[in-house]
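Chemist: quick check, what structure comes out for this input:
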Amino acid sequence: VVFVEVKSRSCVSPDDMPYGRPALAVTKDKQRFLLYAAKAYMREHPELKLQPRLDVVEVFFDNADKVKDKKILKINHIPNAFGE
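Modeler: Have a look, this model is predicted:
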């Protein structure tokens, strides 16, 4: 079972991120909340008997002015992002 935090940023290039990568926005508090949610879900579904995994997905959008015009430049999946 995989629990995923998705973060996005607009940029000119995924290699040029003046405000840092989207994954950096997954603070310790957000990590704790995701872990808490995963544990609660697993308690509610003991029949699963699976090891949960906590991932982050980064979505990089171009810098288009209008939301409807934005294009995805890159998607980066970080499995087991918190090393737990």
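
Chemist: nearest spatial neighbour of Leu48, chain-adjacent residues omitted?
Modeler: Nearest non-adjacent residue to Leu48, counting by Cβ to Cβ, 6 or more residues apart in numbering: Val1, 6.2 Å away. Just so you know, the C-beta spots here come from the backbone N, C-alpha and C atoms, and that holds for glycine as well.

Chemist: wait, the one you found touches Glu44, no?
Modeler: No: with contacts counted by Cβ atoms under 8 Å, Val1 stays clear of Glu44, the gap being 11.6 Å.

Chemist: in a strand, Leu73, correct?
Modeler: Yes: according to DSSP: H, G, I helix; E, B strand; the rest coil, Leu73 belongs to a strand.

Chemist: and the residue nearest to it when sequence neighbours are not counted, backbone torsions?
Modeler: Distances taken as Cβ to Cβ, 6+ apart place Phe60 nearest to Leu73, at 4.5 Å, with adjacent residues excluded. Phe60 adopts backbone torsions of phi -110, psi 120, taken as degrees, to the nearest 10.

Chemist: which ones are touching Phe60?
Modeler: Neighbouring residues of Phe60 by Cβ atoms under 8 Å, 6 or more residues apart in numbering: Ser8, Arg9, Ser10, Cys11, Pro14, Pro22, Ile72, Leu73, Lys74, Ile75, Asn76.

Chemist: tell me how far it lies from Leu35.
Modeler: Distance, Phe60 to Leu35, using Cβ to Cβ, to the nearest Å: 26 Å.
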